[in-house]
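In: What would the 3D arrangement of this be:
(3 chains)
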Amino acid sequence: MTTPIVTNTDKNTQGLDPEFHASNNRAWWLLRSILSNPMGLIGSVMVAIVVLVGLFAPLIAPYGFAQTNFQAPFQVPGTIGFVLGTDDLGRDVLSRLAFGVRASLQVGLLAVALAVIVGTPLGLLAGYFRGLDAVISRLTDVTLAFPFLIIAVGLAAISGPSLANAAIALGISQVPTMIRVVRGETMRLKSADFVKAAIATDASKARILGMHVLPNIASAIIVQATVIIPTAVIGESILSFLGLGIQPPSPSLGIMLSDAQQYIFRAPSTALFPGLAILVICLAFNLFGDALRDALDPNSKKGH
Amino acid sequence: MTRFVLTKIFHAIITFVLSGIVIFFGVRMLPGDPALAMAGEEATPERLDSIRADLGLDQPLLVQFVKFLGDIVTGDLGESTRTGLAVTEMIATTLPVTLWLSLYAIVVAVIVGITLGMVAERFRGKWPELGSNFLALLGLSVPNFWLGLLAILVLAVTLGWFPASGYVDVLSDPIRGIYYLTLPALILGTSLAAVITRQTRASMIESMGTDYVRMARAKGLSRPRVLLRYGLRNSLIVLVTIIGLQLGGLISGAVVTERIFALPGIGKLTLDAVFSRDYPVIQAVVLVITASYILINLAVDILYSVINPQIRVSEDAS
Amino acid sequence: MKKRIMAVLASVVLLGGCTPVQPLGEPPERPDVKSVDADAGAFEEGGDLVMALSSEPDRLDPTTSSSLYTRYVMQTMCQKLYDIDANGEITPMLATSLPDVSTDGKTVRIPVKDGVRFADGTDFDAEAVKTTIERGLNLEESSRSAELGPINDVTAIDDHTLEVTFDEPFAPFTAALADRAGMIMSPAALDEAGEDFGDHPVCVGPFKFEKRIAQTSIKVVKDPNYYDADKVHLDSITYQIMSDANIRAANIRSGDVQVADTISPQDVDALTEESGIGLLQSNSLGYQGLTVNMGFGDNPENFETPLGQDPKVRKALSMAFDRKALVNTVFNGWFSPACSGISPDSPFATKASDECVDYDPAGAKKLLEDAGVELPLKVNMKVSNTQDTLRFAQAVQASTKEAGFDITVQPMEYTALLDAQDRGDYELLQLGWSGRVDPHGNLYTFHYPGAGNNVTGVDDDRLSNLLTRASEATDIDERKKLYGEASQRIGELNSIIYLYRQKNLTAYTDDVSGIDVFSDGVVHLSEAGFLKKDAQR
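Out: Got it, this is the predicted structure:
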C-alpha cells in the first residue's frame, strides 16, 4: 500500500569511482553479498520460488484455471484431487493460485518497467537542468497530490479494466516517486568530483548523464524498483478486488479474495490462500530489496 | 525563511490549479454516460436528454470547465446527480469519518512503530531486534484488505470482540465511536506502523552513533535520558516527514478499509461516485483530497524548516 | 518446538489429507414465506427499528426516482393509490376500490379515500391526486410518463373521484398506480419545494420523513396525521445503507439491525441455522437473461452474426445450458430457472408462459450443424462485473462448450455496460430486469419495435400485434391468454434468452414482527413492531 521512498543516504559515495560500476565482477560481488546476509538468502530463495511458480504455472496447476466442476464446489483443502480445495464453481484453488501468482508478477514487472522507463529520464533531466526541474517537479507534485489508489482507480476506470491497464495505472502512479529518487541522486552526483571533472573536459551533456551519472545511480533505481514490485502486486490485488483489475475468468489473487469475501461465512478457507500468496510475494521482494540495499550501501548495513 | 515559505505556498497553489484541471478532464474521460447511470431502468431517449440538459452535460466542455472553476471559487460544489443532495453536505458528513479513522490509525501506528523501533535499537543483534524487523517487514508486505477480511472473520464474527462494520459518530458517543473504529484503524495503521518502525530504528541508530550523544554518555547521562533527549527528538522530526510522505498511502488505504468495513467515509463516497459516474461528487471529493494533501505537505515543509534539526542539535551539544 | 510444529502439520495432513470429493446435492423444496405477523396484543408500542438497506436510494421523489430501492423507503411514508397483496393482486390503498373502466376502455374513474391528511396536515383529495399524476406526465425530469400511458386528460370530478381519459385503452394503468406513479404527494409541499421535493418528501403514510444522511441512513418517524395510526406500533424506522451482502448478514447476526433485504444465497443457509433469525422469501417478478443483438445500433459486426441472424442458433444457445443445475451451483439452489418474462408468481402466469425449453446439448449441437455454422461458434458476451453475474456468466461459458459454443466473457463496469447496451455495441449481453406487476412492463418495452428498452432490435409483426392487443384488452383472462402467446413467440424468436429469477430474501430478528415482502420485493414495515418479551418465539 505505502511506498517508502528509498534514497541512498550515504554521502560518502560521492567520490565513488565510476569505472567500478562497469566491472563485470560487480554483479557477482552483489549476489554474494546478498546471499551472505541471512535475510537476503531467505529473500532470494523466496523470490526464486515465486518466480518459478509464475514461470511454470501451467506445469504446477493440475487443472485449467477456468475448468469448472459443478458437482464439486467448495471442497475443503485436502480433498483428494484438489489439494487446496475448490471454489464456488468447483475450480481447483491450487491451479488458480499458480496462475494468479503469474498474473501478479506480470503486473509487478510491467509496472516497474513503466516506472523505470518513464521515471529515469525525467528524473535525470530534472536533477541536471534547473530550468526543467521547475516544470517536472510541479508535474510530479500534481501526480503525488493524488493518492496512488485514486490514480489507479481513475485510470483503470477510464481505460477499461484489464491486466495491462492495471499495470499501466500502477506504473504511472509510481512514476513520481521514481522521478524524485533519480532527481535527488542526480543532483547529488552533479557536485561529485568525477562529474565536475567530466564537465571540465567539455563532454556533451548526454555523455555526462549517460556515462557518468546514470551508472552511478543505477543502484538507487534498482533498489526503488524492488520496492515498486510489492506495491504493484498489492495494488493489482486491490484493483481486482474492486473489479477494476484483471477480469474473470482470468485468475487473479485479488479476484479470488473478492470472491472469497462473498462466501466468507460458507467457506472461510477460500480467503486464506490467495492472501498468503500475496504476502509471500511481497515479503520475498521486500527481503530481497533490503538485502540489495544493504549490499549496495555498506553504511546502512551497520543497522543489522 | 520568508522567501522559502512564499515559494512553497506559490508551488502549492500551482499544484492545486493543475490538479483541478486534471480532475475535471479526467472525470470526463470516464467511459459510460452519467445520464444512463442515473436513469437506470427508465432510460428513454427523452429522459436521457432532459437529464443531460439538467446536468449541463450538453454544453461544450469549455463552458462546463468555466462553470466548474466558478463553483470552486464560490464554494458551491453542486448537487449529486444520483441523490440530489448538496455535495458540500455529503462531504461534510463523510469527511469526519475518514479524518477520525486516519487520526486513530496514525496514533496507533506511531505508538506501535516507535515502540518497536526503540525495542529494535535497544536490543541490537538480539532476538527482539530480529522480531521487530520481521514484524515491520510483515507489515509492509501484507495486503491490508486481506488482513481486514481475516480480522472481520476472526475477531468480529467468530469471537465477537468487535463489530464487523458500522460507524458511530465519535463526537456524540466517544466510547462507542472509538470502539467501532478500532478494528479499521488497526488495519489501516499496519503499513504505516511498519514504515515508522523501520525509520525510528534507523534514525535512532544513527543519532546514537553521533559524537554529541557519545559525549553526553561520556559525561555520565544515563542511556534512557540520552535516548529521550536526543534519539527520540530526532526521530520525531523524521516522523513528521514520514507522515507527510505517507499521507497518500494512508488515504489510499482508507478507501479500501472503508469499503471492507462499510464505513461511510470519503473513500467509500469516491468509489461509489466513480462507479455511478456521479461527476459533481467525484470532482469535489477528489479535489478535497488533493487539496488536503497539498495543504498538509505544505504545513510539513514549513514545520520542517522551522524546527531545523541542525540548529536544535548544535544548541544542545554545546 | 520443531516437534510441535511437525505434530501440527501431521494432524493437518491426517485430518484433511484424504477427504473424498463431497458432491453437491439437490436443493430442498423452498416454499414462499411472505409475512411474519403476531396478534395486536403481542406488540410492544414504540421503539426504533433499524433496517439494513442493500442499496442507497436515489432522489426521494416518486416522480423522478429511478432506483428501485427508493420504493423500500417510500413505502412507509408515501402511500399509493393501489398496492399489491401476497398473491400479487392489485388492492386499493388510498383509492377505495379498483378503477371503474368504461366499456371502450378509454375512461377510468378512481374513487379516493375521505378524511385523510398529508403529513403536513393538508387534506388529501382528488385534486391532489390530479396534481401528482400531472406532475408525472409533465415534469421534464419525470421517469413516470411512459408508465402512465397515453393519457389525454386528468380531472377531479368531485372531491373524492378522479377521472382519467386515454387516447387508447391502457390496461397497465392500474398497476402503474401500484408503484411510484401512484404515490400521492402533498400539493402544498410541491408548491413550496418544486424540484427539490425529494430533499424533504411529504405524502400520506404511517411514517413521515425525518432526515437523510448521504451514504449512511434515512430516518422516518411516526406520523400522527396518518388515518390508520392505531395500527402503527413503532416510533421510528432507520434505514441504514449497507451495500455489502455479508455485512448485512453480519449485522443481522449481531442484532444491530432487525431487518435486512437481499440476503445473498451464499449467506442464507448459515444465517437461518442461527437461532433468533427468521427469513422471508418470495420469487421476484423480474428476471436475468441474455440479450441478443439482432440488428440494433450502427455497427453491423455486432449483429450480422449467426447468433443475431439465425433463430436456430439462438434456440441452440437456449438449449445449451442446464438452467436448473447452474442455478443450483451458482446460487446454492436458492434462485429458480426462468424461461419467460412473466414470473410464475404473477397473477398473469399461465401454462404457456411457464413453459421451459429442455436442456439438450446434443440437440443444440445438431441445430448448430443444421444452421451450417462453423463449430465451435465464437460468441462475445458482455456482462457486468458484479459478483453474481460474473459467476453465472462463467458458469454459462463453461457449460455451453459441450453444445459447440465458445463464449468469451467480457466483464464491464455496470455503467459502461448500460452504455454499450444503449448504443447496441454488443453481440450478446447479460442483464436483468427488476420486474413490474403488470406483464406489459416486462414484455412490451423490450420486444415492441422502437420501445424504450428494445435493444435487441427485434421487430416481429406477430409479437408486436400480441403485445398491443394485450395492453388494450380490459378483460384479465383475455390479457393472460395474449401474454401467454406472446411468451411462446418470444421463446421461438429468442431475442432475449431468459436465464434465472431471483428470490427476494429478507432476514429479520425474532424480536420483531409484522413484516411483509411480496413479489415486488418491497419490504413493508408500516405495521411492524417489537414483540413483548413473553410473546417472542
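In: Output the below-cut-off pLDDT ranges for the chain.
Out: Unless you meant another one, I'm taking chain A. A:1-25, A:297-304 (pLDDT under 70).
In: that's the other chain; I wanted chain C
Out: Short version for chain C, where the test is pLDDT under 70: C:1-18, C:535-537.
In: distance between the longest helix along it and the chain's centre?
Out: Scanning chain C for the helix with the most residues, using DSSP state H, yields helix C:476-493. A distance of 21 Å separates the centroid of the chain from that of helix C:476-493, by CA atoms, centre = their mean, to the nearest Å.
In: Show me what that helix is packed up against.
Out: Packed against helix C:476-493 by the contact rule (3 or more CB pairs under 8 Å, 6 or more residues apart in numbering or on different chains; DSSP states H and E) you find helix C:311-319, helix C:351-354, helix C:440-447, helix C:461-472. (C-beta placed from N, C-alpha, C; glycine too.)
In: Tell me which helix or strand comes right after it.
Out: Next helix or strand after helix C:476-493 toward the C-terminus (DSSP states H and E): strand C:496-501.
In: Just the CA trace of the very next helix or strand once past that following strand, in PDB.
Out: For strand C:496-501, the following helix or strand on the C-terminal side (DSSP H and E) is strand C:503-509. C-alpha atoms of strand C:503-509 as PDB (Å, rounded to 0.1, in the frame of the first residue of the first chain):
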ATOM      1  CA  LYS C 503     -35.700 -14.600  -4.800                       C
ATOM      2  CA  ASN C 504     -36.400 -11.700  -2.500                       C
ATOM      3  CA  LEU C 505     -34.600 -12.900   0.600                       C
ATOM      4  CA  THR C 506     -35.300 -10.800   3.600                       C
ATOM      5  CA  ALA C 507     -33.900 -11.700   7.100                       C
ATOM      6  CA  TYR C 508     -35.300 -10.500  10.400                       C
ATOM      7  CA  THR C 509     -34.600 -11.000  14.000                       C
END
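In: can you list contacts of the following helix or strand past strand C:503-509?
Out: Using DSSP H and E, the helix or strand that follows strand C:503-509 in sequence is strand C:512-513. Residues from elsewhere that reach strand C:512-513 (CB atoms under 8 Å, 6 or more residues apart in numbering or on different chains): C:Val36, C:Asp37, C:Ala38, C:Ala42, C:Phe43, C:Leu49, C:Gln258, C:Val259, C:Ala528, C:Gly529, C:Phe530, C:Leu531.
In: what are the pairing partners of strand C:512-513, and which direction each?
Out: Paired with strand C:512-513 in the same sheet, following DSSP bridges, are strand C:529-531 (antiparallel).
In: and which of the contacts of strand C:512-513 is nearest to chain B?
Out: C:Gln258 (14.3 Å; CB to the nearest CB).
In: on that earlier part again, and the helices and strands packed on helix C:476-493: which comes nearest B:Leu271?
Out: Of all these, helix C:440-447 sits nearest to B:Leu271, with 31.3 Å by CB to CB.
In: Need the helices and strands packed on helix C:476-493 in CSV (columns: distance to C:Ile263).
Out: Below are these laid out as CSV (distance: least, CB to CB, whole Å):
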stretch, distance to C:Ile263
helix C:311-319, 30
helix C:351-354, 26
helix C:440-447, 24
helix C:461-472, 35
